[in-house]
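Chemist: Whatever this is, show me its structure:
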Amino acid sequence: MESPASPTPSKNRLTVIDQRTGKSYEIPITDGTVRAIDLRAIKNGADDFGLMVFDPAFTNTAACRSSVTFIDGDKGVLEYRGYPIEDLAEKSTYLETAYLLVFGELPTSKALCEWEEEIKLHTLIHENICNLIRAFRYDAHPMGIVVSTIAALSTYYPEAMRVQDPANRRLQIVRLIGKLPTIAAFAYRHSQGHRFTYPDNRLDYTGNFLSMLFNLQGRDHQPDPVLTRALDVLFVLHADHEQNCSTSAMRGVGSSLVDPYSAMSAATAALYGPLHGGANEAVLDMLVEIGSSKNIPAFLRSVKAGDRRLMGFGHRVYKNYDPRARIIKEIAYSVFEVTGRNPLLDIALELERIALQDEYFVSRKLYPNVDFYSGLIYQAMGFPTTMFPVLFAIGRTCGWLAQWNEMQQDSDTRIARPRQIYTGHPRRSYLPLDQRG
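Modeler: Below is the predicted model:
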């Protein structure tokens, strides 16, 4: 890589001059990136390890190549396999979107029907798994139950370790998409002290989930179609979102070639955190704290002073209006026609209106994100806040699995092993116990 002192720069190469040594290097540029390993050749001497990249939280590091999801944060664009999220939310279903994410193309009518039936065959869970859920404390957080139960599934399907077998990967993908709503519903029922309602596969995917959650009337319970469709759209909106914290966990753990249940348990645990899957609960807490639209100006002044945080605004990726937030805002109105208007909606709408007219927030590109309105919908549908991250996990299941499946076929995949910058003591001698001060 090292070149003469005055190289002729190439259009697709980066010329780097190391001022420590005066040496010049040309580093190839591919897809707008340079390989971090190429910097290793830049050394200050024979014993120098070479340059590394220091990037806490991976804010500007591409860890993989992926064809699953495209985001343009500056323009507020989100696409699954090239399809705009707006089109999928309007015209598709969650299971059709899951097929698209996993296999790369929209299914034919026959393929979709077979896919839906295949997933229905895997909605039941082993009775021992049901007993595992029953063994948790009555007040156990549903997300903790879900994380543990997903991991436990790996012991029931030991063949899942054959992750380099495409047919075996497909089977585990179908199992996980089919079983997660059942696990989630049973975790909720356990927290409510209710007997489990087993899957009714006469219903569609989302309707079946709602029936398992709220059916107290017997087998013929029919969830409201408006609420079923609203939740299905929310699952579509949450299906994938590039290399976020939980997806990175799925890929990082999966890079060891562990089974997908263990990897997805890790991804679900990452989603459990309040900075990821719990953000919409924080929005509700904020709206309750504000209490009335007349209190919004004072609240925003306290945000500017650094005394409070404006939850549900801003995003690591989006520097524009989150396209999912626009869709969810419209869904909210249809849901409230069935459930009654959530009184917090008026506060949310007024908060958004005032904030988006305030130069302080606009100049910082703080626009509503997906969490700003989703919690209002979940609350109106009767979900406790402890179920919010669980709902997120159901939607994200197909995205995690699509990313995991893609990773297994990527020749660049190696076990994840980031570097560090050591900041501890230099080498020192061991002192016997009686000599330590």
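
Chemist: need the helices for the stretch 101-250 of the chain, in chain order.
Modeler: Under the criterion DSSP state H, counting those that start in this stretch, helices of the stretch 101-250 of the chain are mapped to 109-120, 127-134, 142-153, 166-192, 205-214, 225-237, 245-254.

Chemist: If you count contacts, what does the fourth one end up packed against?
Modeler: Put plainly, it is helix 166-192. helix 94-103, helix 109-120, helix 127-134, helix 142-153, helix 205-214, helix 260-272, helix 388-408 (3 or more C-beta pairs under 8 Å, 6 or more residues apart in numbering; DSSP states H and E). Using the backbone N, CA and C atoms, a C-beta is placed for each residue, glycine as well.

Chemist: for that helix, the distance to its chain's centre please.
Modeler: Chain-centre distance of helix 166-192: 17 Å, with C-alpha atoms, centre = their mean, to the nearest Å.

Chemist: got the angle for that helix vs helix 109-120?
Modeler: Helix 166-192 and helix 109-120 are oriented at 50 degrees to each other (axes from the mean of the first three to the mean of the last three C-alpha atoms, to 10 degrees).

Chemist: Sort out which residues of helix 166-192 are buried, please.
Modeler: 168-169, 171-191 (16 or more other C-beta atoms under 10 Å).

Chemist: Determine the angle, from 0 to 180 degrees, between it and helix 142-153.
Modeler: Using the same axes, to 10 degrees: helix 166-192 against helix 142-153 is 140 degrees.

Chemist: Also the second one?
Modeler: Helix 127-134 runs at 150 degrees relative to helix 142-153, counting by the same axes, to 10 degrees.

Chemist: For helix 127-134, C-alpha coordinates in PDB please.
Modeler: The C-alpha trace of helix 127-134 is given here as PDB (Å, rounded to 0.1, in the frame of the first residue of the first chain):
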ATOM      1  CA  GLU A 127     -46.000 -28.000  27.100                       C
ATOM      2  CA  ASN A 128     -42.700 -28.000  29.000                       C
ATOM      3  CA  ILE A 129     -42.100 -24.500  27.700                       C
ATOM      4  CA  CYS A 130     -45.500 -23.500  28.900                       C
ATOM      5  CA  ASN A 131     -44.600 -24.900  32.300                       C
ATOM      6  CA  LEU A 132     -41.300 -22.900  32.200                       C
ATOM      7  CA  ILE A 133     -43.400 -19.700  31.700                       C
ATOM      8  CA  ARG A 134     -45.700 -20.600  34.500                       C
END
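
Chemist: just checking, what packs against that helix?
Modeler: Where contact means 3+ C-beta pairs under 8 Å, 6+ apart, helix 127-134 is packed against helix 142-153, helix 166-192.

Chemist: shaky segments in the stretch 151-300 of the chain?
Modeler: Of all residues in the stretch 151-300 of the chain, those with pLDDT under 70 make up the ranges 217-220.

Chemist: quick revisit: and of the helices and strands packed on helix 166-192, who's closest to Gly22?
Modeler: helix 388-408 (41.3 Å; C-beta to C-beta).

Chemist: Please state the offset of that closest one from the chain centre?
Modeler: For helix 388-408, the separation from the chain centroid amounts to 7 Å (computed by C-alpha atoms, centre = their mean).

Chemist: How about stretch 29-39?
Modeler: The answer for stretch 29-39 is 26 Å, by C-alpha atoms, centre = their mean.

Chemist: go on, stretch 120-139?
Modeler: 24 Å.

Chemist: which outside residues touch it?
Modeler: Residues from elsewhere that reach stretch 120-139 (C-beta atoms under 8 Å, 6 or more residues apart in numbering): 144-145, 148-149, 152-153, 156, 174-175, 177-179, 181-183, 186-187, 190-191, 193, 196, 198-199, 201, 208.

Chemist: let's see 6 Å
Modeler: Residues outside stretch 120-139 that contact it (C-beta atoms under 6 Å, 6 or more residues apart in numbering) are 145, 152, 156, 174-175, 178-179, 182, 186, 190, 199, 201.

Chemist: about what we covered before: make JSON lines from the helices of the stretch 101-250 of the chain and add distance to Leu376 to it.
Modeler: Formatted as JSON lines, the helices of the stretch 101-250 of the chain follow (distance: least, C-beta to C-beta, whole Å):
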{"stretch": "helix 109-120", "distance to Leu376": "29"}
{"stretch": "helix 127-134", "distance to Leu376": "29"}
{"stretch": "helix 142-153", "distance to Leu376": "20"}
{"stretch": "helix 166-192", "distance to Leu376": "19"}
{"stretch": "helix 205-214", "distance to Leu376": "18"}
{"stretch": "helix 225-237", "distance to Leu376": "12"}
{"stretch": "helix 245-254", "distance to Leu376": "23"}
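
Chemist: Between these, which one is closest to Ile328.
Modeler: Across the helices of the stretch 101-250 of the chain, closest to Ile328 is helix 225-237 (C-beta to C-beta), at 6.7 Å.

Chemist: and the two most separated of the contacts of stretch 120-139?
Modeler: Farthest apart among the contacts of stretch 120-139 by C-beta to C-beta are Val174 and His190. That separation is 25.1 Å.

Chemist: Could you measure from Arg195 over to His221?
Modeler: 14 Å (C-beta to C-beta, to the nearest Å).

Chemist: Those two - which one has more neighbours?
Modeler: Using other C-beta atoms under 10 Å as the criterion, Arg195 and His221 rank with His221 on top: 16 against 11.

Chemist: Show me where the stretch 251-400 of the chain has its helices.
Modeler: Under DSSP H, counting those that start in this stretch, the stretch 251-400 of the chain gives helices at 260-272, 279-290, 296-304, 323-339, 344-355, 359-363, 371-380, 388-408.

Chemist: Next, count neighbours for Leu300.
Modeler: By other C-beta under 10 Å, 19 other residues sit near Leu300.
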